[in-house]
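**Q** let me see the structure of the following:
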Amino acid sequence: MLSFLKLAQPCQIQKIGHIRIIAALWVFVFHYYHFISHSFFPPLESTNPLYLLIYHGYFCVYIFFLLSGYLLSKSHAKTLNLKTFFSKRVGRILPPYYLCLVIYCLLFTHKLPDITLWFAVLNTDTQIYPNPLGHFWFINRLLECYLCFPLLSALQQKTGKIGLFIAYLSCVLIGAYWVIENQITLAIYYGSFILCLSHFIFGMLVIDLPVMKKPIISASLALLVFILLLEYLHQLIWQAPLNHYGFTIIWFNMLALILSMLIRAYLYTPLCLPNFINKGLDKLAQISYEIYLYHFLVIYFFIEHADLLFANQTLNFISLLILSLFSAFFFQCLLAGFNRGILRIKRA
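**A** Alright, predicted model coming up:
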């Protein structure tokens, strides 16, 4: 019992897992309030920081791009074996992805969908996905960033941070020209390849910079500025952000900076947690990707079967969260069992 409550300092890899699960759960909260509770943006006069963070929870998706850029840059700082690199990425991402497609067929179509859906992950047009799989745009963009990584890694090894900074700045300028010239709205820009790649490169650039002397103070100030800006914009223009194309470039690149500061503050600030919290977060971190994939199927199922929901929103939130966690854990175990079976057959 005492060992269960004993304090321990999580290592950096554990902390990265903590950030991932927090981001995945925040995306669930965002989707729940948007699609189930139907409280996206109202009340318009709200100045509650928690509500505003929930309403703008889409930004948590970009934490995954920042972390991916950072981790890959750190893991392959000296050498990059392309075969090992791509086999690990594909082996981690695609099996849960395709299992999710199967679950989608069982829940929503009761038949095999058009063959193009099975190859949608290779399609640059993320609008190809039906509504219950709309969140899959993230997978497409992540794979595209992975395809770019060998070039970015070679650039980093030859030029250091300067080359990466030029690549990042190029993404920002190209994105700015595209947005301004074509009056691209937030709804299109937020899932664009150019934005996701810029966050990916930004993760490679800044997260592993020398440790700040007082990272927690810098992160607190960044978070305060972020919340104050949310408060101001929510009253001024953020009531209708989808049509405010002129602000998207500044907004999303400021997000990259603030999120990176928060990540760095957590990674480099000494922290002790009880063992049971550490272990619980570690277990959840292992299914963070599955939570992202399967939670939206749970939510969308109850959108189509609203009669199964409770009258009480708190009960709905808790029950859908538990269902999402259970689904993520169950399907991860299912895939793990399948992989073990394949290995045994190969050894035999």
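
**Q** quick one, strands of this structure?
**A** Using DSSP state E, the strands of the chain run over 7-8, 273-274.

**Q** and the first one, what's its mean pLDDT?
**A** The reference is to strand 7-8. Strand 7-8 shows a mean pLDDT of 80.

**Q** please apply the same query to the last one.
**A** Predicted confidence along strand 273-274 averages 82 (mean pLDDT).

**Q** strand partners (parallel or antiparallel) of it?
**A** Partners of strand 273-274 in the sheet, by DSSP bridges, are strand 7-8 (antiparallel).

**Q** which residues touch the strand it pairs with?
**A** Cys272, Leu273, Pro274, Asn275, Asn278 (C-beta atoms under 8 Å, 6 or more residues apart in numbering). Yep, even glycine has a C-beta here, placed from its N, CA and C like the rest.

**Q** same deal with stretch 295-303?
**A** 24, 27-28, 31-32, 35-36, 100, 103-104, 107-108, 131-135, 308-309, 316, 320, 323-324, 327-328.

**Q** just the CA trace of it, in PDB.
**A** Provided in PDB are the C-alpha atoms of stretch 295-303 (Å, rounded to 0.1, in the frame of the first residue of the first chain):
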ATOM      1  CA  HIS A 295     -13.800   7.800 -29.400                       C
ATOM      2  CA  PHE A 296     -15.400   9.500 -32.400                       C
ATOM      3  CA  LEU A 297     -17.100   6.300 -33.500                       C
ATOM      4  CA  VAL A 298     -18.600   6.100 -30.000                       C
ATOM      5  CA  ILE A 299     -19.800   9.700 -30.100                       C
ATOM      6  CA  TYR A 300     -21.200   9.400 -33.600                       C
ATOM      7  CA  PHE A 301     -23.100   6.200 -32.800                       C
ATOM      8  CA  PHE A 302     -24.900   8.100 -30.000                       C
ATOM      9  CA  ILE A 303     -25.500  11.100 -32.400                       C
END
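
**Q** tell me how far it lies from the chain's centre.
**A** Relative to its chain's centre, stretch 295-303 lies at 18 Å (C-alpha atoms, centre = their mean, to the nearest Å).

**Q** stretch 174-192 too?
**A** Counting by C-alpha atoms, centre = their mean, stretch 174-192 comes out at 20 Å from the chain centroid.

**Q** what's the end-to-end length of it?
**A** Terminal residues of stretch 174-192 are spaced 12 Å apart (C-alpha to C-alpha, to the nearest Å).

**Q** quick one: mean pLDDT for it?
**A** For stretch 174-192, mean pLDDT rounds to 83.

**Q** quick one on the thing from earlier: just the buried ones among the contacts of stretch 295-303, please.
**A** 24, 27-28, 31-32, 36, 100, 103-104, 108, 132-133, 135, 316, 320, 323-324, 327-328 (16 or more other C-beta atoms under 10 Å).

**Q** still on that earlier bit, most packed of the strands of the chain?
**A** Per-stretch averages of neighbours, counted by mean count of other C-beta atoms under 10 Å, single out strand 273-274 among these, with a mean of 15.

**Q** quick one: distance of it to the chain centre.
**A** With C-alpha atoms, centre = their mean, you get 25 Å for strand 273-274.

**Q** cool, stretch 215-224 as well?
**A** 21 Å.

**Q** in it, what's buried?
**A** Quick answer for stretch 215-224 (16+ other C-beta under 10 Å): Pro215, Ala219, Ala222, Leu223.

**Q** cool, stretch 155-163 as well?
**A** Buried residues in stretch 155-163, counting neighbours by 16+ other C-beta under 10 Å, are found at Leu155, Gln156.

**Q** pretty sure Ala120 is touching Tyr129, no?
**A** Yes: applying C-beta atoms under 8 Å, one finds Ala120 in contact with Tyr129, separated by 6.1 Å.
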